[in-house]
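Asks: Have a look; sequence and predicted model below, questions after that.
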Amino acid sequence: MVPTSDERPGGEGQSAPAGASATAGIQDATGWGAKIHSVRFRVVAAMLVMMLAGLVTAGLVTFGVQFQESDARVDQAILDKAKAVVKLVQTTKRTSGDSANKTASSALHEAAEDIEPRNNEVIAGIVDGRVAWTVEGNRHRTLLNDGMLADAAGLRNPAGAAFAELDADGSPLRTVVVPMKGATVANGTFLLVGRDAGDQREHNISSVRTYSLVALGTLLAAAVIGGIVAGRLLNPLRRLREASSAVSQEDLTQRVKVRKGEDDVTLLAKTFNTMLERLDEGAQQQQQFLDDAGHELRTPLTILRGHLELETVDDPEDVIATREVLLDEVDRMQRLVDDLLLLANSGDPGFIRREPVRIPELLDQVMEKVHVLADRHWKIDEKADFVVDADPQRLTQALVQLAANAVKYTEPSSTIALGSRIEGPTAADGTPLPASDTLLLWVRDDGIGIAAEDQQRIFERFGRAHPGRGEEGSGLGLAIVAAIAQAHGGMATVDSAYGHGATFLIRIPLQSAGVRV
């Protein structure tokens, strides 16, 4: 048969090994493209974008208000100076007879020269729609040059003061024009006061530059600090990715190192570890099931094969004897498989089905079933007159198993007793504590007992006591009892001294207080 392209080594249809593709994916994830698209980069970038938007908005609002207030202060200052000049003219006319005969323009001119404007100020008179005279505060610099006279003259407003800003060779000139009292629109005299706001603007612009540099430094510092903090916060994610890449079907022991904290990323890492633990536990249970099944099925299969190989097919009696042995071994294998399947499913949520269980009736039903197991002195020590929430079938199965186990290790004259009790937690001084009650079930015998070193091992799968209670069996009976107790949230224990009998106990914490019958 000729292999197809999908089957030929190196063919186009041949897929790369899973491990190789996974390794390639990890290598690609370390490139610059992956770093740019990483959660850390996006978190820091989003933080910086929000900070930038906040800083820009704060700067625009702050410096917008600052520029307006600066212009308002300059406007108020030049308006005050204009009013002072007008007031000086009016005062001079009232107190001086010579000045009283002067025109309004000449009086304003003299008053402007007396006031002496500052180095960055200019005062001008507007008469009949043109600038009649100017007084510069700085004799070496002309703020109101010839090219600005027409614009300045056009600012007059007979209704009141008019503010404007002129361009004085690239420098802003804030101006105010006020009318003289009694002036008319057709033939009016106005006073112009201007101040160079360039220094103030430069100061404001310098503040903007300083703010921008500080903001840029803040963004850079935030990027560095944010990158470090985000790296530490997201470090569990990196370890999570590394652990995920290291996990394989053969190795489920990888865990993510979790730092202290209760943030979302740390909780995610803890959840991932919990998931790995469950997977590891499931894999171990599966492997244990396979090991247990292989270990226990090997012996009966060997027996089956041996008898079949030695069977004399021509001898009817040998065939009948071999058939009986084979059926017995098949039955034992069936029981073993059933027990293994029960243990394998003991961790499933549906393993137990809770319902109200009357403890006295449960013990009576169990006694009715077990007293025919053997000729023993059967009795019930105590009955708890309570109704509890549990699985009656599983509890019956556990008690029957314990009773059958007691039969194996007692004589016909021995006593086997069942009992139940509701126990509440108490303090060292005997004071009841506010906690849930516990259902206590037991099977007691006065047989040979169990050595202390064997009392823990007998509840393990295929665990058996060494001397004394070492009768042949699958070694799964007490493991099933322990699994039933654990499925109810409790535990199975034994209280025994070698040679003085044994009491097997099933302790089940009640989800709610039991109800007395």
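Replies: Everything's here; your move.
Asks: Grab the nearest non-local neighbour of residue 127.
Replies: residue 105 (4.8 Å; CB to CB, 6 or more residues apart in numbering). C-betas here are computed from N, CA, C, even on glycine.
Asks: What count of nearby residues applies to the spatially closest residue to residue 121 that is not a sequence neighbour?
Replies: Of all residues not flanking residue 121 in the chain, residue 137 sits nearest, at 4.4 Å (CB to CB, 6+ apart). A total of 18 residues lie near residue 137 under the criterion other CB atoms under 10 Å.
Asks: Surely residue 137 touches residue 115?
Replies: No - Residue 137 is beyond contact range of residue 115, at 9.8 Å (criterion: CB atoms under 8 Å).
Asks: Going along the chain, name the strands of the protein.
Replies: 121-127, 130-136, 162-168, 171-179, 189-196, 355-358, 377-382, 386-390, 415-423, 438-445, 491-496, 502-509, 515-516 (DSSP state E).
Asks: Report the contact partners of residue 127.
Replies: 105, 188-190 (CB atoms under 8 Å, 6 or more residues apart in numbering).
Asks: what's the domain layout of the protein?
Replies: 56-205, 264-344, 350-516 (automatic domain parsing).
Asks: Mind putting those domains into a markdown table with distance to residue 219 and mean pLDDT?
Replies: Converted to a markdown table, those look like this (distance: least, CB to CB, whole Å; pLDDT from 0 to 100):
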| stretch | distance to residue 219 | mean pLDDT |
| --- | --- | --- |
| domain 56-205 | 11 | 81 |
| domain 264-344 | 25 | 78 |
| domain 350-516 | 56 | 81 |
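Asks: Among those, which comes closest to residue 228?
Replies: domain 264-344 (15.2 Å; CB to CB).
Asks: which helix of this protein spans the most residues?
Replies: helix 39-95 (DSSP state H).
Asks: packing partners for that one?
Replies: If you count contacts as 3 or more CB pairs under 8 Å, 6 or more residues apart in numbering; DSSP states H and E, helix 39-95 packs onto helix 97-100, helix 104-115, strand 121-127, strand 162-168, strand 171-179, strand 189-196, helix 198-246.
Asks: With adjacent residues omitted, what lies nearest to residue 439?
Replies: residue 508 (4.5 Å).
Asks: Can you tell me how far residue 457 is from residue 478?
Replies: Per CB to CB, to the nearest Å, residue 457 is found 10 Å from residue 478.
Asks: Tell me where the stretch 251-400 of the chain has helices.
Replies: 264-310, 316-344, 359-370, 392-408 (DSSP state H, counting those that start in this stretch).
Asks: how many other residues sit next to residue 394?
Replies: Neighbour tally, residue 394, other CB under 10 Å: 22.
Asks: What are the neighbouring residues in contact with it?
Replies: Residue 394 neighbours (CB under 8 Å, 6+ apart): 351-352, 484, 487-488.
Asks: The same query, at a cut-off of 6 Å, please.
Replies: 352, 484 (CB atoms under 6 Å, 6 or more residues apart in numbering).
Asks: do you know how far it is from residue 364?
Replies: Separation of residue 394 from residue 364 (CB to CB): 18 Å.
Asks: quick one on the thing from earlier: test my guess that the residue nearest to residue 127 contacts residue 126.
Replies: No - taking contacts as CB atoms under 6 Å, residue 105 lies outside contact range of residue 126: 8.8 Å.
Asks: okay, these two: which has more neighbours?
Replies: Higher neighbour count among residue 105 and residue 126: residue 126, with 25 against 18, using other CB under 10 Å.
Asks: Would you confirm that the more buried one contacts residue 190?
Replies: Yes - here residue 126 reaches residue 190: they are 4.1 Å apart, a contact under CB under 6 Å.
Asks: what touches both of the two?
Replies: With CB under 6 Å, 6+ apart as the test, residue 126 and residue 190 both reach residue 156.
Asks: Give the burial count for residue 38, as a bare number.
Replies: Around residue 38 there are 16 residues (other CB under 10 Å).
Asks: Give me the neighbour count for residue 154.
Replies: 14.
Asks: Tell me who's in contact with it.
Replies: Shown in contact with residue 154 (CB under 6 Å, 6+ apart): no residues.
Asks: Same check on the one 10 residues further on?
Replies: Contacts for residue 164 (CB under 6 Å, 6+ apart) come out as 155, 175.
Asks: gap between it and residue 71?
Replies: 11 Å.
Asks: that older thread, same list, the helices and strands packed on helix 39-95, but as JSON lines with distance to residue 252 please.
Replies: JSON lines is the format used below for the helices and strands packed on helix 39-95 (distance: least, CB to CB, whole Å):
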{"stretch": "helix 97-100", "distance to residue 252": "108"}
{"stretch": "helix 104-115", "distance to residue 252": "94"}
{"stretch": "strand 121-127", "distance to residue 252": "86"}
{"stretch": "strand 162-168", "distance to residue 252": "77"}
{"stretch": "strand 171-179", "distance to residue 252": "75"}
{"stretch": "strand 189-196", "distance to residue 252": "80"}
{"stretch": "helix 198-246", "distance to residue 252": "10"}
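Asks: Out of those, flag the one nearest residue 453.
Replies: Nearest to residue 453, of all the helices and strands packed on helix 39-95, is helix 198-246, at 39.0 Å by CB to CB.
Asks: rewinding a little: can I get the helices of the stretch 251-400 of the chain in CSV with distance to residue 120?
Replies: What follows is those, written out as CSV (distance: least, CB to CB, whole Å):
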stretch, distance to residue 120
helix 264-310, 61
helix 316-344, 96
helix 359-370, 103
helix 392-408, 99
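Asks: Next one: residue 277 relative to residue 238, how far apart?
Replies: Residue 277 is 21 Å from residue 238, by CB to CB.
Asks: Check residue 275 too.
Replies: In this view, residue 275 and residue 238 are 18 Å apart by CB to CB.
Asks: For the two, work out which one has more neighbours and name it.
Replies: Taking neighbours as other CB under 10 Å, residue 275 and residue 238 compare with residue 238 leading, 14 against 10.
Asks: Looking at the more buried one now. What's its pLDDT?
Replies: Residue 238 carries a pLDDT score of 76 in this model.
Asks: What of the one 5 residues further on?
Replies: The pLDDT attached to residue 243 in the predicted structure is 75.
Asks: which residues does it contact?
Replies: 254, 256.
Asks: Count residues in the vicinity of the spatially closest residue to residue 286 that is not a sequence neighbour, would you?
Replies: Leaving aside its sequence neighbours, residue 286 sits nearest to residue 344 (CB to CB, 6+ apart; 8.0 Å). Residues near residue 344, counting by other CB under 10 Å, number 16.
Asks: cool, the one 4 residues further on as well?
Replies: The criterion is other CB under 10 Å. On that basis, residue 348 has 9 neighbouring residues.
Asks: ok, now residue 285?
Replies: 14.
Asks: And for residue 175?
Replies: Neighbour tally, residue 175, other CB under 10 Å: 27.
Asks: Could you verify my assumption that it touches residue 195?
Replies: No - at 7.9 Å, residue 175 and residue 195 do not qualify as touching, with contact defined as CB under 6 Å.
Asks: Tell me which residues touch the residue nearest to residue 127, please.
Replies: With CB under 6 Å, 6+ apart, residue 105 has these contacts: 125, 127, 132, 189.
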